[in-house]
Each structure stands twice: as C-alpha cells, then as structure tokens.
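> Can you look at this prediction? I've put the sequence above it.
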Protein chains: 2
Amino acid sequence: MRVVDLIKKKRDGNELTPEEISFLIQGYTRGEIPDYQMAAWLMAVVWRGMNERETRALTEEMVRSGRVLDLSDIPGLKVDKHSTGGVGDKTSLILAPLAAASGVPVPMVSGRGLGHTGGTLDKLEAIPGFRVHLSLDEVRETLRRVGCVLSGQTNEIAPADKKLYALRDVTATVDCIPLMAASIMCKKLAEGIDALVVDVKVGSGAFLKTEREAAQLARTLVAIGESMGKRVRALITDMNQPLGRAVGNALEVIESLDVLKGQGPEDVTALSLELTAQMLVLGQRAEDLVQARERVRQLLERGAGLEKFRRLIEAQGGDPHVVDDYGRLPQARHRLEYRAETEGFLVAMDTEGIGRAAMLLGAGRDRIDSPIDHAVGLVLARKIGDVVTREDVLCTVYYNDETKLSAALPLLRESFIIGDAPPEPPPLIRKVI
Amino acid sequence: MRVVDLIKKKRDGNELTPEEISFLIQGYTRGEIPDYQMAAWLMAVVWRGMNERETRALTEEMVRSGRVLDLSDIPGLKVDKHSTGGVGDKTSLILAPLAAASGVPVPMVSGRGLGHTGGTLDKLEAIPGFRVHLSLDEVRETLRRVGCVLSGQTNEIAPADKKLYALRDVTATVDCIPLMAASIMCKKLAEGIDALVVDVKVGSGAFLKTEREAAQLARTLVAIGESMGKRVRALITDMNQPLGRAVGNALEVIESLDVLKGQGPEDVTALSLELTAQMLVLGQRAEDLVQARERVRQLLERGAGLEKFRRLIEAQGGDPHVVDDYGRLPQARHRLEYRAETEGFLVAMDTEGIGRAAMLLGAGRDRIDSPIDHAVGLVLARKIGDVVTREDVLCTVYYNDETKLSAALPLLRESFIIGDAPPEPPPLIRKVI
C-alpha cells in the first residue's frame, strides 16, 4: 500500500477500505506517514467527504491508536454528554453532578476553549485548586467514589486524534462533518462509555451555522455510535444567543451553581435538565423521558446536584466552599455597564462576536497556548426578545485590563442588534435525533 | 497574512490575489511555510482550480524564485519546444538541431523520464560522454557556438518549481491543469526564450487522456505565455501509440539519427518536421508555415540537422562518431521477438503499458533515484492499422536481465489489442492552438 495512491483514491471520490484507513491512521500516529501526505489526504476528505463505513473505520482506528478505559467493574451504564461548543455553554458543570446524583455514572473527558468558544476545563480551573489533569487511575477512582468525574484528555487516549487535530487546525481542514464526527466519537468511545448524549449547537455562536449541517453531524454521530454498539441521542439546540447570561470562566461557575440551587436563568436550566433527562433514559435510570424529567426536577429541587458538585470539587482537589461563597472565586477588579445607544427590541445577537469579545477580555484563547484570565467576562442583562430602552444596561463587563477592554468594546457594539418589531424568540431545542 | 487563511480561501473556491500567491510561493521556497500547509493548499487547488490571473501569478512567482537567463546578446529570437511527455517521444533530439540549422537559437532545458514516459536527458546520456549538467555559462556558450543546447534544469532556475514538484509527486496533486501549466511555463520563461512550441500529448500513453483536458492545458499555456509577452503555439498530438517505433534510450537515439538521415519512421519524421516548422515561424525565420515546412524539408534532405546534431554532441562532450557508427552506443546482450498469438488488425495499444514494460526492462525509472539501463527497450514491428498474422513479430525486445524481462512480458501481452475490423488510424496532429 502506498500513501500517495490512497490520497489519489480519495481525491478521485472513491471509498477507502477499513484496511486502507487503518494503514493511514496507524502509520500517521507512529510517525511513519509525514504530515504533508496526511494534510493532502485531509483536504481530499474535506473535498470528497466520507461515507458512514469510512467514518466508522476512521473512528475505530483513532480509538485503537491509544488506550481504552475499561469501566466494566463500575456498576451501571456509563453515560456522557458532548457539546459541539458555543458561548456561555456551561451545561456540563450542571448535568454531570445531576446525572450522577440520579445514579448514572458520568466519566466525562472535556476540552479547553479555543477562539470564541469556552471550554469546560477552563471553567473548572476557575475553582481554586481544581485539578483537571487526572491519571486514568484517578479518573476511575473518582468515578467510583463520586459517581462522576470531569477531566482532560490524556495522551494515552486517542493520540491519533490529538495529532490529527493539531494538523487540521493549521491546514484549514477542521470544517468537515465526518472528520468532526470521528474526532468527537473516538475520545468518548475510548472513555469506556455505554451511551452518549450529544448537544449539537447551531446558530450565530456555533461552528455549524445551518440546521442542515447540524442535522448531518447529529445523524453521523448517532450512526457511528450505534454501529459500535453504543446508544447515542443527539439534540440540535439553539446557539443564536449565549446560553444563560454569564460568559467567562468564574462567572459561568457561579451561574452553574445558581442553576443547581434552582436560581439559574431559565434557558440554561431548561437545557441542562433536558440533557440530564436524556442521560437518565440512556442510562436506564428512568422508563421514559416523562419519568426522567420528573426525576431530574425533583433531584434539582432537593439540591442533590449541588451536593454532588460539592463532592466532586473536593474529590478533584478544588475548594468546595466556593459553592456557598462566590467570593472565593477569582474576581475582576473592574466592571463596566455596557448600555444601549438606541431603543426597541433586542432582535438578534452576533453570538460569535460576544464570544470573541470575552476572549479579547482574556476569558478565552486565540492560540492553543495563550494564558487565560479566569475572572473576566460578561453577564448579559438582556436576551433576544427583550424590550430595550435607551441607556438600558445590555451587559455588565468584568475586566482587569483597560487595553483588553478597548479591544473588546467595538465587538460588543456590533453584537447587539436592536430593531423595531418584536422578534420570534428562537426555540431552544430544535430537534432530537 | 496567515497561511491557514489562504488555504481556507482556496478551499472555499475563492480567487487568491497575486500578493497572496507571492506570499505562499516565496515563503515556501525560503522554507518559511511548511510542506504540510503547502500540501493542503495544493489539494485545495486541485479541487477548486485556478483562473488565468492566478495561474499567471503562480508562474511569475516561480520564475522569480530563481535566476532568469539573459540571452539578449545572442542574436535572433530564441525558441524552445516542450512536450507534456509520452512513449517513444524523441522529437527534441531531432528538432533542436534542425531548428538551429535553420538559424533559430534553441536553448532547451529538458527533464528525465518518470514512470511510463521517457526523458530527453536520459536519451542523451545514452551517448557515451554526453554531459547534460551544464552551468548557465556553458549553456550560453554552447548556444552561441552551436545554435542549440540540450541541458538539465539547474538549481538556479525556478527552485520553487523543483520543490513544489517533489511535493506534488508524493501528495497526488500532479494532475491539475493550472499547476501543470505553471510548472511547464516557469522553467521555459526562466530560460530566456522569446517563443515556445508546446506539444500536448493526448491518448493512452499520455498524462492527459481526453482531448478536452489537452485543449484546456494548451489554452492555459498559450494564455500565460502571451500575457507575459511570449509567443506560444500549442499542438495537440496523438499518443495512442508510441511515437515512431523505438522505445528506450539508445534505441531512440538511433531512431532520431535515422530521422535526421531521412530514413526514420513516417510519424516521428512528420511530427518533428511540423514542430520545427512552427518554431521557424515563431522565430521569424519563415514568412508562414508553408514556407517554413519547405525550408525544414530542404534542410533535412541536405543533412543539415544531422551535422548540427554531430556538432552538438561534440560540444557537450559526447562521442560524435555514434552518428555514423551505432555500435558505439550501449548494446543490450539479448533480444527476443515478441510475437502475435492471434490474427487480425492491430486496432489499439495500451501505450502506457508499453511504456511501463520498457521501464520494467530498465529503460525508465519508477522512482526519481532509480538507475537506468540505456541499452534496453523495444522496437515496434507493427503499428495501429497494420495487418497481423499469427506468429508475426509485434516488437523486438532488447534486454539484459531475465528477471526484468519476465516482469515486462505480461504487460506487453496486454498492450497489443488485435481485432477483426481495420481501425480508423488516429490522426497524428489533432489541433493547433
């Protein structure tokens, strides 16, 4: 087998066999196939796509490139959730403890933020002392003791994915449904899960801007998972405005705790409860969705999710007192009330712009190695459909650095679209696949 | 400017500006842009193509990456010929001396064979002592003294092309009209020519299998050349069977000498004379094609091309006595008459198969660094349209190695297609652009 022939085969629109995909992925992971051949192949895949058989083979080979966690000695069906990424999306911090409180073990491996999107690991690290780099033994042990664990991807898990993703990032081959699907699924499958709920974001703050693409990714994820004996449910949810009100790491931890206390914004509460309910059904802790929703609502009201989160923070080395005292979280030195210059209805938001503004404040990173300021960010005072009068506060900006503030403000100015007529508020959950 | 954004721009089907193309080509030549980003960009170009403006900018940047020969002190319009490559194509050895004999200076830079095609440099090196690696000063001096020169590409000429071609070869990005056109033209333009005749081969032994692709390449070459102030004429010619009868280096030198003696096969003689006539018109040594053809015919009959070739061999360090004594060329130790197993008409040939058979005998190379046996090859006894009776000799195989012969024979067996009805013989010159 010659790499150049496999590149040519894909370039000409033909299907690769599982053996050919194995040759490419294992050879690349071992360093036998150079980056430049892989880059040409990746672009040919962006061009020609991959069918379900190829995508499944790619996923399997990426799983095979590293270790697979065996969690069979921990009782119960292990269920995880994955989100394709958005702005203000802190549901992982809410649903992992809630699902664990209901008896579903959640071995969650999360990522960091890049560009306009935040990352679960960055949010968790806003909690003083919280350790996200756990060994596989620590992951297993935390899962056993607490019922959930939130950790970063280790080098042992799917190294092919790590290497490929770094290459895709610099060769403009990220935007490709089968490559995205395989990258998502391989990490989750290597975690040793039995089932997965996927939250596919669509809209102005998501990577996928159209519902058609989102549905295509959702269907691909479900098909790959099911062909490998895992139950997968995908929800297509709205990302035309930030989820909840807080954007920025410590600010999002606070909002997550508010939700677990029954005091969070309506949208992020509703989505977190629905995703948790789906996890309960997949994890066979409820007969059906109706029962699952009721169960999750009761757990939330009893504060069971909050207590589980407190235990998780403690188990992973963090300061559990942040749960009751938000003052223990990093605090920005300054705040600014960003006000409306006109009046009407808030009809739309450039959510990616808001995410970028938060990034420029220091809440996110432009490059993989940029440092993060966990304290900064913004909290929305208005959401789509709200009435806005002149000089109304649109959001409060938390910042530490005047220069960064001046970089972020022009983006904010463009991100709130105020119109004359009340808009149709976007539905939060668009489709379940 | 970021490379990843330029890859994305091309990936999404947009036109790159001349500044962007310059950034890519000069950055890559200087080693500042890594192979993997260039490979992804090249595949995006294969996918999306390049328009005339982009192709011209690419050509100019590749020329700019190295030295440009200034031949303005040598009188007359300098004219070269380029062929896109085929099997048995030895016209360069014939037309360079013939055109020079008519007063057109020919500064020809040639390449080596790869895969099923032969290369002019390899053929010349079958002549004992012949040096193809000349310095730029030697190129100029030989051109001044002899009127023509046949040399290899130096590292000073279009280094971007050399580097890009090596990358394209291993990333399945060779088959792409604008990339092919820029690669051809940049070397010719750096030679300091005023005009160029291009022989675009089409058919079973050519890189381009359809006349549509051949015409597209021809039009692109003419457009690039003319936009840069050079006169370019492109002929689309048949490569559904080897040109002439000899395939293999020393064997093709002999056939070339036969043509220059007026004793060569009809097709290769006709095509060589026509290409030379086109060069005379572009070089303003004839009023029109009718006059040019007559002039070239007379020169051939007078033996002027043969004498010029003798002088050229001597000037480049070769043994000039090979012109009269073919025994001084490398001789294969064995020969085998390959005979027909059935009867009828020779209706078609798999010309690429015949080229590959010659390569397997040792006449060509599979990889850039494979050694060559200049003595081996084959001489066709039958061409398309000929009557074949059982046990008729189809070709004589010249070989030195039994193992290589056994590898080549199965390919030969598949390459001669004998049918019941006489075929329409393919026209030699299909179109002039």
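Good, I have the coordinates.

> What is the burial count for residue A:414?
For residue A:414, the neighbour count with other Cβ atoms under 10 Å in any protein chain shown is 11. For the C-beta atoms, the positions are set from N, CA and C on the backbone; glycine is no exception.

> helix/strand/coil for it?
Three-state call for residue A:414 (DSSP: H, G, I helix; E, B strand; the rest coil): helix.

> hang on, it packs against residue A:353?
Yes: in this structure, residue A:414 is within contact of residue A:353 by Cβ atoms under 8 Å, at 5.7 Å.

> Can you give me the distance of the residue sitting nearest the centre point of chain A to chain B?
For chain A, the residue nearest the mean C-alpha position is residue A:83 (3.6 Å; Cα atoms, centre = their mean). Distance, residue A:83 to chain B, by Cβ to the nearest Cβ, to the nearest Å: 24 Å.

> and residue A:108, what element?
If you go by DSSP states H and E, residue A:108 is part of strand A:106-110.

> Show me what the mean pLDDT comes to for the next helix or strand after that strand.
Using DSSP H and E, the helix or strand that follows strand A:106-110 towards the C-terminus is helix A:120-124. Here helix A:120-124 scores 94 as its mean pLDDT.

> Can you give the contact residues for helix A:120-124?
A:90, A:92-93, A:108, A:110-113, A:130, A:132, A:150, A:152, A:249, A:252-253, A:256, A:316, A:318, A:364, A:372, A:374 (Cβ atoms under 8 Å, 6 or more residues apart in numbering or on different chains).

> Which parts of the stretch 201-350 of chain A are strands?
Taking DSSP state E, counting those that start in this stretch to define them, one finds strands in the stretch 201-350 of chain A at A:231-238, A:246-247, A:334-339, A:344-349.

> Comparing those strands, which comes out most buried?
strand A:246-247 (a mean of 31; mean count of other Cβ atoms under 10 Å in any protein chain shown).

> and the strand holding residue A:108, which strands flank it?
Under the criterion DSSP bridges, strand A:106-110 sits next to strand A:148-152 (parallel) in its sheet.

> Which positions within the partner strand qualify as buried?
A:148-152 (16 or more other Cβ atoms under 10 Å in any protein chain shown).

> same check, this time on stretch A:105-125
A:105-114, A:116-125.

> model confidence over stretch A:334-345, on average?
The average of the pLDDT scores along stretch A:334-345 is 95.

> now the end-to-end length of that stretch.
28 Å (Cα to Cα, to the nearest Å).

> ok, residues contacting that stretch?
Taking Cβ under 8 Å, 6+ apart as the rule, stretch A:334-345 contacts A:378, A:382, A:385-400, A:405, A:409, A:412, A:416, A:418-423.

> before we move on, back to that, quick one: the strands of the stretch 201-350 of chain A as a markdown table, columns for distance to residue A:48 too.
A markdown table is the format used below for the strands of the stretch 201-350 of chain A (distance: least, Cβ to Cβ, whole Å):
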| stretch | distance to residue A:48 |
| --- | --- |
| strand A:231-238 | 24 |
| strand A:246-247 | 37 |
| strand A:334-339 | 46 |
| strand A:344-349 | 35 |
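
> Among these, which comes closest to residue A:185?
Closest approach to residue A:185 among the strands of the stretch 201-350 of chain A (Cβ to Cβ): strand A:231-238, 8.4 Å.

> So in that sheet, which strands flank that closest one, and in what orientation?
Using DSSP bridges, the strands paired with strand A:231-238 in its sheet are strand A:195-202 (parallel), strand A:429-432 (antiparallel).

> Quick check: which of those is buried the most?
strand A:195-202 (a mean of 26).

> residue contacts, the closest residue to residue A:312 other than its chain neighbours?
With Cβ to Cβ, 6 or more residues apart in numbering or on different chains as the criterion, residue A:312 has its nearest non-adjacent residue at 5.2 Å, and that residue is residue A:146. Contacts for residue A:146 (Cβ under 8 Å, 6+ apart) come out as A:100, A:308, A:311-312, A:315.

> rewinding a little: Provide the contact partners of the strand holding residue A:108 at residue level.
Under Cβ under 8 Å, 6+ apart, the answer for strand A:106-110 is A:69, A:71, A:78-81, A:92, A:95-96, A:99-100, A:119-121, A:124, A:132, A:139, A:143, A:147-153, A:157, A:187-188, A:191-193, A:279.

> what about burial for those, which qualify?
A:69, A:71, A:78-81, A:92, A:95-96, A:99-100, A:119-121, A:124, A:132, A:139, A:143, A:147-153, A:157, A:187-188, A:191-193, A:279.

> Show me the residues you listed that map onto helices.
Counting by DSSP state H, the buried ones among the contacts of strand A:106-110 place A:92, A:95-96, A:99-100, A:120-121, A:124, A:139, A:143, A:187-188, A:279 in helices.

> Could you single out the nearest of those residues to chain B?
Closest approach between those and chain B, by Cβ to the nearest Cβ: residue A:187, at 22.9 Å.

> Tell me how far the residue nearest to the closest one when sequence neighbours are not counted lies from residue A:165.
In space, and not counting its chain neighbours, residue A:187 is closest to residue A:158: 5.3 Å by Cβ to Cβ, 6+ apart. From residue A:158 over to residue A:165 the distance is 10 Å, taken as Cβ to Cβ, to the nearest Å.

> quick one, which of those two is more surrounded?
residue A:158 (32 against 15).

> Do I have it right that the more buried one meets residue A:59?
No: when contacts are counted by Cβ under 8 Å, residue A:158 is not listed as touching residue A:59 (9.5 Å).

> okay, and the common contacts of these two?
With Cβ under 8 Å, 6+ apart as the test, residue A:158 and residue A:59 both reach residue A:186.

> quick one on the thing from earlier: adding mean pLDDT and distance to residue B:29, write the strands paired with strand A:231-238 out as CSV.
As requested, the strands paired with strand A:231-238 are exported to CSV (pLDDT from 0 to 100; distance: least, Cβ to Cβ, whole Å):
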stretch, mean pLDDT, distance to residue B:29
strand A:195-202, 96, 42
strand A:429-432, 89, 49
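
> Out of those, flag the one nearest residue B:51.
Closest among the strands paired with strand A:231-238, using Cβ to Cβ: strand A:195-202, at 33.9 Å.

> Show the pLDDT at the residue lying closest to residue A:300 once chain neighbours are set aside.
In space, and not counting its chain neighbours, residue A:300 is closest to residue A:262: 6.1 Å by Cβ to Cβ, 6+ apart. You'll see residue A:262 listed with a pLDDT of 96.

> Give me the neighbour count for residue A:262.
14.

> what's the answer for the one 4 residues further on, then?
Neighbours of residue A:266 under the rule other Cβ under 10 Å: 11.

> so what's it scoring on pLDDT?
pLDDT, read off for residue A:266, is 95.

> Could you check how far it is from residue B:83?
With Cβ to Cβ as the criterion, residue A:266 and residue B:83 are 73 Å apart.

> Can you pull the residues of chain A lying near chain B?
By Cβ under 8 Å from any Cβ of the partner chain, the part of chain A that sits against chain B consists of A:3-5, A:7-8, A:11, A:34-40, A:42-44, A:46-47, A:167, A:169-173.

> which residues of the stretch 51-200 of chain A score low on pLDDT?
The model of the stretch 51-200 of chain A has pLDDT under 70 over residues A:114.

> my read: residue A:292 touches residue A:282, true?
No: counting by Cβ under 8 Å, residue A:292 sits too far from residue A:282 to count as a contact (9.5 Å).

> now residue A:148, which residues is it bridged with?
If you apply DSSP bridges, the partners that residue A:148 bridges to are residue A:106.

> I am assuming it contacts residue A:96, so please confirm or correct that.
Yes: using Cβ under 8 Å, residue A:148 makes contact with residue A:96 at a distance of 4.4 Å.

> Give me the common contacts of these two.
By Cβ under 8 Å, 6+ apart, the residues touching both residue A:148 and residue A:96 are A:106, A:108, A:312.

> Return the residues in contact with residue A:218.
A:198, A:200, A:234, A:236, A:431, A:433.

> For those residues, work out which two are farthest apart.
A:198 and A:431 (11.9 Å).

> give me the element the residue nearest to residue A:399 when sequence neighbours are not counted is part of.
Leaving aside its sequence neighbours, residue A:399 sits nearest to residue A:405 (Cβ to Cβ, 6+ apart; 4.7 Å). Element membership of residue A:405, judged by DSSP H and E, is helix A:402-415.
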